[in-house]
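Asker: I need the structure of the sequence given here:
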Amino acid sequence: MLSFPGSLKVYLAVEPCDIRKSLTGFYALADDTLKLDPKNGSLFVFCRKRRNRIKILYFDGTGLWVMAKHLEAGTFSWPKPSESGKRTLSLTPEALAISTDGIDLRDGCRRAWHEQFRFPRMIDFFRDVPTFWSKDDHDFRCNDSDNSPDRLPSSKTGIDLFKEQLPIASQGDDEAPTFRTVRVSRDLQIWLTEGRDYRSPNKMEDGPGKTQWGNIQRLWLERTLKASDAKWKLIISPTPMVGPDDAKKRDNHTNLGGFRHEADEFFAWLTENQIENLFTICGDRHWQYHSIHPAGIEEFAAGALNDENSRFGVAPGDQKGTDPDALIEQLFISPEPSGGFLVVSAGRELLVRYLNDEGEELYSVRRE
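Answerer: Just a heads-up that it's a prediction; the model follows:
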């Protein structure tokens, strides 16, 4: 299998071409047809109509390369022009490596799920611990992914494979939503939201028309929250709603230019309808924190599971964060990069404990 650095950009020409072209011919294809600079350091991938032979154009800073591969059997996984409506699709280097081996990208995505489930510690964990699943960007397509059609794997592939790999809906039921609520006990009800399937483009200007949840999910959330008589209500969101987060992102409800309008509207609705004892628990951020929004909503961030994916967090008042004016009250933030998890107990009182990856308690909060 070919190996490429994760930062490398890869562009795939959707239309088949005559790959007997010379080096200058492929240069012209990238420049004139794809409207991209062949010398920008990216890989440009071309395929013949029969899809059993590809060529890759690459400029290494000193000159142009052309790499070629001819499959002895089978064909390369290649999108049809009608599926994308575009001349060019971008790929991750990992997806290109899978494709050059003649593996269908759907099978490559399945392999990623299977490799996760085969780890001995995961087998032991799932044997003893019941789990509820919700997906985020890397479970769906790629980093900070939305439903834009200009990149593989497609959003449909991400949606279908998530339902295929996890017992959330009946097999083949394309209409079944992955957002859901579970009454855990007399005192506790949880809501697991879906943040990828219905979202507007990340780059869309924030405002009333931009949504991460979609209208159907938003109405469902409001209806079921109003109907709940649970003492404690926990919205478990793949991405943060309070933060703070990095200002440069546009991926979640905290981000400036992201989906903040939807979050602010929802928090105002909670206040107007007197929904009490509601908290959010979020993943995605690579540090743990406990923050309180100016509207009074408290958020508990689980952080990264292991040290390798952890980092220092963003505090209120950070000019490179989403709360430069320090309007958010933050009661806890990871003192150093560390993996960890949350333990939540709910009865007469709500107890949230923050543990590192060795099980050492770093912080706790109790609500009565």
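Asker: What's the first helix or strand after the lowest-mean-pLDDT helix or strand in the chain?
Answerer: Here the helix or strand of the chain ranked lowest by mean pLDDT, DSSP states H and E is helix 81-84, holding a mean of 51. The helix or strand immediately downstream of helix 81-84 is strand 88-91, counting by DSSP states H and E.
Asker: Which elements pack onto that next one?
Answerer: For strand 88-91, the elements it packs on are strand 10-13, judged by 3 or more CB pairs under 8 Å, 6 or more residues apart in numbering; DSSP states H and E. Any C-beta I mention is one placed from the backbone N, CA and C, and that applies to glycine too.
Asker: who does the strand it packs on pair up with?
Answerer: strand 43-47 (parallel), strand 88-91 (antiparallel) (DSSP bridges).
Asker: Tell me which of the ones you listed sits most buried.
Answerer: Of all the strands paired with strand 10-13, strand 43-47 has the most neighbours on average by mean count of other CB atoms under 10 Å, namely a mean of 23.
Asker: What are the contacting residues of that one?
Answerer: With contact meaning CB atoms under 8 Å, 6 or more residues apart in numbering, strand 43-47 is reached by 4, 8-13, 16-17, 19, 26, 29-30, 34, 36, 38, 53-58, 76, 78, 91, 96.
Asker: Which strand or helix spans W65?
Answerer: Taking DSSP H and E as the definition, W65 sits inside strand 64-70.
Asker: Taking strand 43-47 as reference, get the angle to that strand.
Answerer: 40 degrees (axes from the mean of the first three to the mean of the last three CA atoms, to 10 degrees).
Asker: For strand 64-70, which helices and strands make contact with it?
Answerer: In terms of contacts (3+ CB pairs under 8 Å, 6+ apart), strand 64-70 is packed against helix 23-28, strand 53-59.
Asker: export the ones you listed to a markdown table and tack on mean pLDDT, distance to L152 and mean neighbour count?
Answerer: Below are the helices and strands packed on strand 64-70 laid out as a markdown table (pLDDT from 0 to 100; distance: least, CB to CB, whole Å; neighbours: other CB atoms under 10 Å):
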| stretch | mean pLDDT | distance to L152 | mean neighbour count |
| --- | --- | --- | --- |
| helix 23-28 | 88 | 21 | 15 |
| strand 53-59 | 91 | 14 | 20 |
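Asker: Which one, of the ones you listed, ends up nearest to I333?
Answerer: The closest of these to I333 is strand 53-59. By CB to CB, the value is 42.7 Å.
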